[in-house]
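Engineer: fold the following.
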Amino acid sequence: MSKITPQEKKTMLYSWLFFFAGCALVLTLQSTIGLYFTTHYFVAHFLLGLFLPFAFYGFAGTKGLYWVGFFLTLVFHLGYELWEDQLTRPSYIVDWDQVVSGLVGLAMSYVIYHWWEKAIKPRLS
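Structural biologist: This is a model prediction of the structure:
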């Protein structure tokens, strides 16, 4: 096993802090305005897409684990919305607000990841 670099340690720390800040935000919103089974449910999908990839990124601070987390979140989100959620309905009706908000959250996750990678890596001249 290779040694963890200082950049990876820093990335791991900030990834976990970002993920747990997201968990705290979700718990706060759930306990105040409510997210589940309300008209605000699309916010939960956005936050899932935004924060969950960083839980994976926090395990080793490597690009590969961020992308594993990104694609697992994408598969979970779309799989749930387009298949699992439909099993409880009499007809196939997609909640497009929830699908789109989850995808926007994933896009924002990528923007934050890209910004972090650019900020943490030393500039090569």
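
Engineer: can we go C-alpha only for contacts and neighbour counts from here?
Structural biologist: Noted.

Engineer: could you say which helix or strand holds Phe18?
Structural biologist: Assessed by DSSP states H and E, Phe18 sits inside helix 6-32.

Engineer: Tyr92 too?
Structural biologist: Secondary structure (DSSP H and E) places Tyr92 outside all helices and strands.

Engineer: next up, the contacts around the closest residue to it other than its chain neighbours.
Structural biologist: With sequence-adjacent residues excluded and distances taken as C-alpha to C-alpha, 6 or more residues apart in numbering, Tyr92 is closest to Gln86, at 6.0 Å. Contacts for Gln86 were tallied using C-alpha atoms under 8 Å, 6 or more residues apart in numbering; they are Tyr92, Ile93, Val94.

Engineer: want to throw those residues into a markdown table with distance to Tyr41?
Structural biologist: Below are the contacts of Gln86 laid out as a markdown table (distance: C-alpha to C-alpha, whole Å):
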| residue | distance to Tyr41 |
| --- | --- |
| Tyr92 | 19 |
| Ile93 | 16 |
| Val94 | 14 |
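
Engineer: would you mind checking which of the residues you listed is nearest to Phe19?
Structural biologist: Nearest to Phe19, judged by C-alpha to C-alpha, of the contacts of Gln86 is Val94 at 27.9 Å.
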